[in-house]
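*Asks:* Need coordinates for the below:
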Amino acid sequence: MLRYGNKEQLHKWLIRLLNGKIRSGFAMTEPQVASSDATKIECSIKREGDTYIINGTKWWTSGATDPRCKVLIVMARLGPGRLHHCMRLIGAAERGMQMMAQRALSRRVFGKLIAEQELEKARLLVLEAADQLDKRGNKKARGIIAMAKVAAPNMALKVLDMVMQVHGGAGLSSNTVLAHLWATARTLRTADGPDEVHLGTIGKLELQRTRL
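*Replies:* Numbers count the residues shown, from 1 in each chain. As a prediction, the model looks like this:
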């Protein structure tokens, strides 16, 4: 919205989004398209006078059924979007860590909880990716963003799995947020590009660098 919206739209929606008063949804996935690639979507937009007509079919639209959802992203490629997922996963893992610490503080390796070590590695990778994105742009930072996109969901799944194990049956129930956090992390191993696609990107960039 910051990239494509006008001042009126930014005032109407972006400020309310930032304040948490409304929610947004990402209508990217389409039935006949490998929808992790935004350049391949079939949805079209046509201008007619002062209005636009959008034609296409979407499914798995995040947030669409939330009554607070007021804005849908239908046709846009989000450069930092994958990194945003990683940042959310860091938060999910941190929340899980806090819950685990309340229940079990006895299992330590080299002075730290096992899960803490995995979290710190992923955090540093995401921070480095964010720094490169800001300084070098999305294209030149795509390699480390791909690394973060693979590392963060897998780290969060590992952490949350241990947290759920410590909580026993309660960790699997709807009485805690853990099952929801785990499902979100597992979804993000596929959403916005599955692990295999990002690993392929990393491999191609490494081969290019070796040839140079």
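*Asks:* Count the residues that sit near Ala148.
*Replies:* 30 (other C-beta atoms under 10 Å). The way it works is simple: take the backbone N, C-alpha and C, and place the C-beta from them, glycine included.
*Asks:* so which strand or helix has the residue most central in space within the chain?
*Replies:* Nearest residue to the geometric centre of the chain (C-alpha atoms, centre = their mean): His85, 1.8 Å. Using DSSP states H and E, His85 maps to helix 81-103.
*Asks:* cool, Ala170 as well?
*Replies:* helix 169-172.
*Asks:* still on that earlier bit, what is the helix holding His85 packed up against?
*Replies:* strand 112-113, helix 114-136, helix 142-167, helix 178-187 (3 or more C-beta pairs under 8 Å, 6 or more residues apart in numbering; DSSP states H and E).
*Asks:* pLDDT at the residue of the chain most remote from its centre, what is it?
*Replies:* Computed with C-alpha atoms, centre = their mean, the maximum C-alpha offset from the centroid of the chain is found at Gly49, amounting to 36.5 Å. Note on Gly49: pLDDT of 89.
*Asks:* got the phi/psi numbers for it?
*Replies:* In terms of degrees, to the nearest 10, the main-chain angles of Gly49 are phi 70, psi -120.
*Asks:* domain assignment for the protein?
*Replies:* 7-73, 81-211 (automatic domain parsing).
*Asks:* Pick out the shakiest of those domains, pLDDT-wise.
*Replies:* Looking at those, the bottom one is domain 7-73 with a mean of 81.
*Asks:* Could you look up the SS state of Asp66?
*Replies:* For Asp66, the assignment made with DSSP: H, G, I helix; E, B strand; the rest coil gives coil.
*Asks:* What's the separation between the closest residue to it other than its chain neighbours and Val177?
*Replies:* Of all residues not flanking Asp66 in the chain, Arg23 sits nearest, at 5.1 Å (C-beta to C-beta, 6 or more residues apart in numbering). Distance, Arg23 to Val177, using C-beta to C-beta, to the nearest Å: 17 Å.
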